[in-house]
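Chemist: A structural model of the following input is requested.
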Amino acid sequence: MSTKVLMVCLGNICRSPLAHGILESKISTLDAIEVDSAGTSGWHSGEKPDLRSIEIAKQHGIDITKQKARKFKVIDFDNFDYIYVMDQSNYINVIGMAPSQIAKNKVKLILNEVYPDKNLEVPDPYYGGEDGFLRVYNMLDEACDKILHKIKNA
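Modeler: The predicted structure is shown next:
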């Protein structure tokens, strides 16, 4: 049985597709881990990730062009073991949809894997420049290392 991880941001075009691609790139063929991503809004459903996310991933040898944005759904609580959100707003939105305490317990701020209990946020790089996407990439890369280690040692 595989462990399923969902990355969640607002539109599912910048941060969560990067986190999705980064974690997937770290998984070996021996790891029974599946990764997906979603957004708390449906504004970009069906769209590819932001070109700047695609470019920063490509610079690190990761192809996220096959991803398509989708909206987070209540059924995701049943389908995923871990649900990582990028910021407090995403956290509040996702927790607000949780049908049970068990579902709520699956939801975590992604940077708490690196900085436990600090509740730090991955900033949305959408309105910023290229350097914002690199900064977000580096944050998510470190968090994904911790997530993979956590899953492998669970």
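Chemist: Buried residues in stretch 86-96, which are they?
Modeler: For stretch 86-96, burial by neighbour count (16 or more other Cβ atoms under 10 Å) applies to 86-87, 90-91, 93-94. Every C-beta, even on glycine, is put in place using the N, C-alpha and C of the backbone.
Chemist: how about the residue lying closest to residue 139 once chain neighbours are set aside, what does it touch?
Modeler: In this structure, residue 139 finds its nearest non-sequential neighbour in residue 122, 5.5 Å apart by Cβ to Cβ, 6 or more residues apart in numbering. Contacts for residue 122 (Cβ atoms under 8 Å, 6 or more residues apart in numbering) come out as 9, 15, 86-87, 110-111, 136, 139-140, 143.
Chemist: Sketch out the helices for this structure, chain order is fine.
Modeler: 15-26, 51-59, 76-79, 88-97, 101-104, 130-152 (DSSP state H).
Chemist: Mean neighbour count, those: which tops it?
Modeler: Most buried of the helices of the chain, by mean neighbour count (mean count of other Cβ atoms under 10 Å): helix 15-26, with a mean of 26.
Chemist: OK, contacts around the residue lying closest to residue 154 once chain neighbours are set aside?
Modeler: In this structure, residue 154 finds its nearest non-sequential neighbour in residue 3, 7.6 Å apart by Cβ to Cβ, 6+ apart. By Cβ under 8 Å, 6+ apart, the residues touching residue 3 are 32-34, 81-82, 151, 154.
Chemist: Out of these, which two sit at the greatest distance?
Modeler: Spatially, the most separated pair among the contacts of residue 3 is 34 and 154, at 14.9 Å (Cβ to Cβ).
Chemist: Those two: which is more packed in?
Modeler: residue 34 (15 against 8; other Cβ atoms under 10 Å).
Chemist: The more buried one and residue 79: what is the separation?
Modeler: To residue 79, residue 34 is 9 Å away according to Cβ to Cβ, to the nearest Å.
Chemist: any shared contact partners between these two?
Modeler: What both residue 34 and residue 79 touch, as defined by Cβ under 8 Å, 6+ apart, is the set residue 4.
Chemist: contact partners of stretch 61-69?
Modeler: Taking Cβ under 8 Å, 6+ apart as the rule, stretch 61-69 contacts 11-13, 17-18, 20-22, 24-25, 37, 39, 44-49, 53-54, 57.
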